[in-house]
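Peer 1: After the sequence you'll find the predicted model.
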Amino acid sequence: MKPIVKIEPHQRRCSIDGSTTALASMLITLNANQYIMSATIKTAHTLRVQYDFRYIEFQQILTIITATGVNYKNGFFQRLKYQLYSDADLQARDNLKITPFCCDKVAIRRENL
């Protein structure tokens, strides 16, 4: 029997800057995507996105953000953070492909020999 794997969606933050109408259209576009569970603006310039990492990458979310006319911070440390987000998504996707090596094997006992 295979163990049940519970997949939690990833939650990421991004600093954004744009007009009120551009932010509203960005939220509508992000929430309309089937792989994004929720997109909210918590503080004045912080976007919080919860998405399914199996089907969409964080770089694709950044592309959607720029396509709607909203800018995101793109400094050195932000680029480093975005790269870590992308690497974590890739690592999680790769981990789902690995089959467990110990959970489905029957232990050999001395009394059964």
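Peer 2: Sure thing, it's come through. Keep in mind that what you see is a predicted model, and the values were worked out from it rather than measured.
Peer 1: how about residue 65, secondary structure?
Peer 2: At residue 65 the chain is in helix, as set by DSSP: H, G, I helix; E, B strand; the rest coil.
Peer 1: Can you name the residues that contact it?
Peer 2: 14, 16, 26, 30, 47, 72 (C-beta atoms under 8 Å, 6 or more residues apart in numbering). Bear in mind the C-beta positions are built from the backbone N, C-alpha and C, glycine included.
Peer 1: I'd say the second one and residue 48 touch.
Peer 2: No. Using C-beta atoms under 8 Å as the test, residue 16 is too far from residue 48 to be in contact (10.5 Å).
Peer 1: of those two, who's got more company?
Peer 2: Neighbours per residue (other C-beta atoms under 10 Å) separate residue 16 from residue 48, with residue 16 holding more: 18 against 14.
Peer 1: Identify the residues contacting the more buried one.
Peer 2: Per C-beta under 8 Å, 6+ apart, neighbours of residue 16: 23, 26, 41, 45-47, 65, 70-73.
Peer 1: Which ones among those residues map onto strands?
Peer 2: Among these, the ones falling in strands (DSSP state E) are 41, 46-47, 71-72.
Peer 1: For the protein, just list every one of the helices.
Peer 2: Along the chain, the segments classed as helices by DSSP state H run 20-32, 58-67, 76-97.
Peer 1: Return the most buried member of those.
Peer 2: Of all those, helix 58-67 has the most neighbours on average by mean count of other C-beta atoms under 10 Å, namely a mean of 16.
Peer 1: just how off-centre is that helix within its chain?
Peer 2: 12 Å (C-alpha atoms, centre = their mean, to the nearest Å).
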